[in-house]
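Participant: give the three-dimensional model of this entry:
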Amino acid sequence: MRKTTLSNTLTPLRRAVLSVLIKNRSAMGAYDIQHELAAREKKQIAPMSVYRAVTFLVQSGRAHAIRSINAFVACADAGGCTNATRRRQAAFFICTGCRQVKEINAHKSYQSLQSLAKDFAMEAHGLEVVGLCRRCHRKNG
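Facilitator: Numbers count the residues shown, from 1 in each chain. Sure thing, here's the model as predicted:
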């Protein structure tokens with residue numbers, strides 16, 4: 001019986017989607033990813049195929065869904081957020097100017113939130129801070 005690992009479950013399409021996210025370094029919607037892949041591969045790729053690939057990458061910790069702008073980014077950790085706790089304790093600073101996303105470990109922030117939620121069991125959470133990065137702030141300022 002062959003052991004299934006993350007590396008052997010990265011199909012060519014999943015690898016291609018991850019490569020686009022890593023190369024781009026900013027938040028991308030599924031259609032943005034599809035257009036980039038179509039240009040790179042010189043063929044059309046179905047939107048549902050891209051959604052399935054990016055969903056796998058998010059579930060496996062190699063990418064993150066940025067819900068506030070309906071986009072995706074590659075995990076800042078080169079190996080991916082393979083630890084579920086680490087994945088749940090990430091926070092994102094999202095630039096509305098250039099869509100750059102900075103990922104940080106917000107462990108202490110989540111501890112504070114949990115202590116404030118005394119009678120509430122947090123199951124899912126995401127900390128997304130939206131604003132302007134330094135470069136866009138200077139450009140607009």
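
Participant: how many neighbours does residue 9 have?
Facilitator: Neighbour count of residue 9, defined by other Cβ atoms under 10 Å: 10. For glycine as for every other residue, the C-beta is placed from the backbone atoms N, C-alpha and C.

Participant: and for the one 4 residues further on?
Facilitator: Look at residue 13: counted by other Cβ under 10 Å, it has 16 neighbours.

Participant: can you tell me the element it falls in?
Facilitator: helix 12-24 (DSSP states H and E).

Participant: just the CA trace of that helix, in PDB.
Facilitator: Presented in PDB, the C-alpha positions along helix 12-24 are these (Å, rounded to 0.1, in the frame of the first residue of the first chain):
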ATOM      1  CA  PRO A  12       0.100  19.100 -12.300                       C
ATOM      2  CA  LEU A  13      -2.800  21.500 -12.100                       C
ATOM      3  CA  ARG A  14      -2.400  22.000  -8.300                       C
ATOM      4  CA  ARG A  15       1.300  22.600  -8.800                       C
ATOM      5  CA  ALA A  16       0.600  25.100 -11.500                       C
ATOM      6  CA  VAL A  17      -2.000  27.000  -9.400                       C
ATOM      7  CA  LEU A  18       0.500  27.100  -6.400                       C
ATOM      8  CA  SER A  19       3.200  28.300  -8.700                       C
ATOM      9  CA  VAL A  20       1.000  31.200  -9.900                       C
ATOM     10  CA  LEU A  21       0.200  32.200  -6.300                       C
ATOM     11  CA  ILE A  22       3.800  32.100  -5.300                       C
ATOM     12  CA  LYS A  23       5.000  34.000  -8.300                       C
ATOM     13  CA  ASN A  24       2.300  36.700  -8.000                       C
END
